[in-house]
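**Student:** need a 3D model of the sequence below.
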Amino acid sequence: MDEKTPQGSKTDPAVNPVVAAQLEQIKKSVPDTSERLFEFLSDHLKPILLGCVVILLAVAAYEGVGHFRAKSAAKAADVLGVILLEKTEPKARVEALEGFLKDAPSSLKPTAELELAAAAMVAQQYDKAEKAWTDLEGSSSEDMKAIAGIGHAKSLMLENKPKDALALLTQLKTKAPAAYKQAIARQIAVSAEAAGDAKTAAEAYTELSSKDSDAPGKPYFEFKANQLKTKS
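**Tutor:** Numbering: from 1, shown residues only. Okay, the predicted model is just below:
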């Protein structure tokens with residue numbers, strides 16, 4: 001009379017019980033971050049053919065890549081920190097940041113590009129500043145796009161290109177988050193006046209004066225708006 005397998009226990013004739021037990025032991029020792037990878041390997045590959053050693057090596061390699069990436073990012077952050085602390089002369093800072101950005105991890109690029117743009121503006125290397133601002137304007141973050149747009153406009157103003165700055169700011173105002181509208185309006189007022197567009201400048205100053213009745217700059221904004229209205 002054949003013995004019946006008790007209900008509730010499942011046996012796979014293709015799997016060696018000893019190997020199965022070893023797999024369970026390995027599973028208990030594997031870090032939680034590798035749990036899904038381990039499950040995939042053990043569920044979809046025949047343990048009897050794959051062998052415990054291959055699975056263990058695959059998991060170790062996965063963990064090793066993650067550790068290497070984290071270590072590389074930490075090292076890069078240290079390098080960036082040293083640049084920001086030691087490279088205080090604007091041109092030297094720009095050169096160092098350009099070198100850093102060639103191999104910088106993506107998580108550190110926005111910070112490095114912001115620093116590069118600021119340093120390039122101080123060094124009067126406006127072409128490099130504009131490139132950095134343009135790169136940042138391609139960010140997926142709406143906040144970063146707004147900050148980069150304002151910075152780019154300031155760079156154009158320093159380069160004595162108020163019309164270009166005004167065009168950039170006018171477009172930016174239509175899509176920037178509400179938190180940046182007032183800062184953009186201020187830049188529009190300044191760039192429009194510098195570009196000889198008294199009407200647009202007056203409108204921007206009027207908008208600024210009406211935003212907050214208790215704002216410290218309200219009297220100045222009202223004065224500029226009235227002054228420019230007579231010229232438009």
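**Student:** which parts of this structure are helices?
**Tutor:** 17-29, 35-44, 47-50, 52-86, 90-101, 109-122, 126-137, 142-158, 162-173, 181-194, 198-211, 218-229 (DSSP state H).
**Student:** packing partners for the last one?
**Tutor:** Packed against helix 218-229, as judged by 3 or more CB pairs under 8 Å, 6 or more residues apart in numbering; DSSP states H and E, are the following elements: helix 181-194, helix 198-211. Any C-beta I mention is one placed from the backbone N, CA and C, and that applies to glycine too.
**Student:** mind exporting the last one as PDB, just the C-alpha atoms?
**Tutor:** These are the backbone C-alpha positions of helix 198-211, laid out as PDB (Å, rounded to 0.1, in the frame of the first residue of the first chain):
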ATOM      1  CA  ALA A 198       8.000 102.000 -20.200                       C
ATOM      2  CA  LYS A 199       4.400 100.600 -20.600                       C
ATOM      3  CA  THR A 200       5.400  97.100 -19.500                       C
ATOM      4  CA  ALA A 201       7.600  98.400 -16.700                       C
ATOM      5  CA  ALA A 202       4.800 100.600 -15.400                       C
ATOM      6  CA  GLU A 203       2.400  97.600 -15.400                       C
ATOM      7  CA  ALA A 204       4.800  95.500 -13.500                       C
ATOM      8  CA  TYR A 205       5.400  98.200 -10.900                       C
ATOM      9  CA  THR A 206       1.600  98.700 -10.500                       C
ATOM     10  CA  GLU A 207       1.200  94.900 -10.000                       C
ATOM     11  CA  LEU A 208       3.900  94.900  -7.400                       C
ATOM     12  CA  SER A 209       2.400  97.900  -5.500                       C
ATOM     13  CA  SER A 210      -1.000  96.200  -5.400                       C
ATOM     14  CA  LYS A 211       0.200  92.800  -4.100                       C
END
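**Student:** check contacts around residue 135.
**Tutor:** The neighbourhood of residue 135, defined by CB atoms under 8 Å, 6 or more residues apart in numbering, consists of residue 113.
**Student:** again, 10 Å this time
**Tutor:** For residue 135, the contact set (CB atoms under 10 Å, 6 or more residues apart in numbering) comprises 101, 109-110, 113, 116-117, 148.
**Student:** which one of these is nearest residue 95?
**Tutor:** Looking at the contacts of residue 135 and their distance to residue 95, the nearest is residue 116, at 9.8 Å (CB to CB).
**Student:** and of the contacts of residue 135, the nearest to residue 91?
**Tutor:** Closest approach between those and residue 91, by CB to CB: residue 116, at 11.7 Å.
**Student:** how about the contacts made by that closest one?
**Tutor:** Taking CB under 10 Å, 6+ apart as the definition of contact, the neighbours of residue 116 are 93-98, 100-101, 109, 125, 128-129, 131-133, 135-136.
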